[in-house]
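Asker: 3D, please:
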Amino acid sequence: NNVAAKHRTTMEKYRLVEEHKGDGDVFLESSPTPGASEVRITQQGKPRNYITYAMNLFNEGENTIVLKAMGRAINKVVTIAEILKRKMPLHQVTTLSSCEMIDVFEPLEEGLDVVTSRRYVSCMKITLSRTGHDLPKNDIGYQPPLPLNEISPGDLNPLGRGGGHSSSGAKPPGDEHSSLVPSI
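Answerer: Prediction:
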């Protein structure tokens, strides 16, 4: 494509000097729940590390944590929240917004102007709480804790990992009809 080649040639004459988060700063700095610990999820971080960190915060007495992600890290923050909710009963409030990102490019050659590029990035904030007292239950993004039979703390679970099923495929007692329940 001629246009893409021309754009690539033009952008080779510039370097990114500043990536400013227009109203993204408000998203990153604000916390909906005063006193809540915040965990910022990035595309590069490993989900296991975020899950361990969040579990340690809860084990150390935190009642509420806020998971925040932008752009391509949003799918990761949803996965992390779902895993945490399956390890302990947690109330959840999810908010989705959009943040303006401003990129400033400086020319590498004389005679060219500084170029500013504006784009919008999706932002997600997931607030998880043990008690739910500090969350608005009438919020459109509110989700109550999962039923206790869907929570499996992992290593602390006497039935072991993998949803309680043994490697032989045998189901735990009282789980004979689980195949009749439609999965969502």
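
Asker: from L112, how far out is Y120?
Answerer: As defined by Cβ to Cβ, to the nearest Å, Y120 lies at a distance of 26 Å from L112. The way it works is simple: take the backbone N, C-alpha and C, and place the C-beta from them, glycine included.

Asker: and for L96?
Answerer: Where L112 is concerned, L96 sits at a distance of 38 Å (Cβ to Cβ).

Asker: what's the answer for Q143, then?
Answerer: In terms of Cβ to Cβ, Q143 sits 51 Å off from L112.

Asker: now stretch 78-97: average pLDDT?
Answerer: Regarding stretch 78-97, the rounded mean pLDDT is 95.

Asker: sorry, back to before: out of Q143 and L112, which sits in the more crowded spot?
Answerer: Q143 (17 against 13; other Cβ atoms under 10 Å).

Asker: check contacts around V115.
Answerer: With contact set as Cβ atoms under 8 Å, 6 or more residues apart in numbering, V115 has these partners: 14, 104-105, 107.

Asker: make a markdown table out of those and add secondary structure, pLDDT and distance to T64.
Answerer: Formatted as a markdown table, those follow (DSSP: H, G, I helix; E, B strand; the rest coil; pLDDT from 0 to 100; distance: Cβ to Cβ, whole Å):
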| residue | secondary structure | pLDDT | distance to T64 |
| --- | --- | --- | --- |
| Y14 | strand | 84 | 43 |
| V104 | strand | 88 | 36 |
| F105 | strand | 88 | 40 |
| P107 | strand | 85 | 47 |
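
Asker: from the residues you listed, list just the buried residues.
Answerer: 14, 105 (16 or more other Cβ atoms under 10 Å).

Asker: what residues are up against S98?
Answerer: By Cβ under 8 Å, 6+ apart, the contact set of S98 is 120-123.

Asker: let me have those residues in TSV, extended by pLDDT, secondary structure and distance to E60.
Answerer: Converted to TSV, these look like this (pLDDT from 0 to 100; DSSP: H, G, I helix; E, B strand; the rest coil; distance: Cβ to Cβ, whole Å):
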residue	pLDDT	secondary structure	distance to E60
Y120	92	strand	36
V121	92	strand	32
S122	94	strand	31
C123	94	strand	27
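
Asker: thanks a lot, see you next time.
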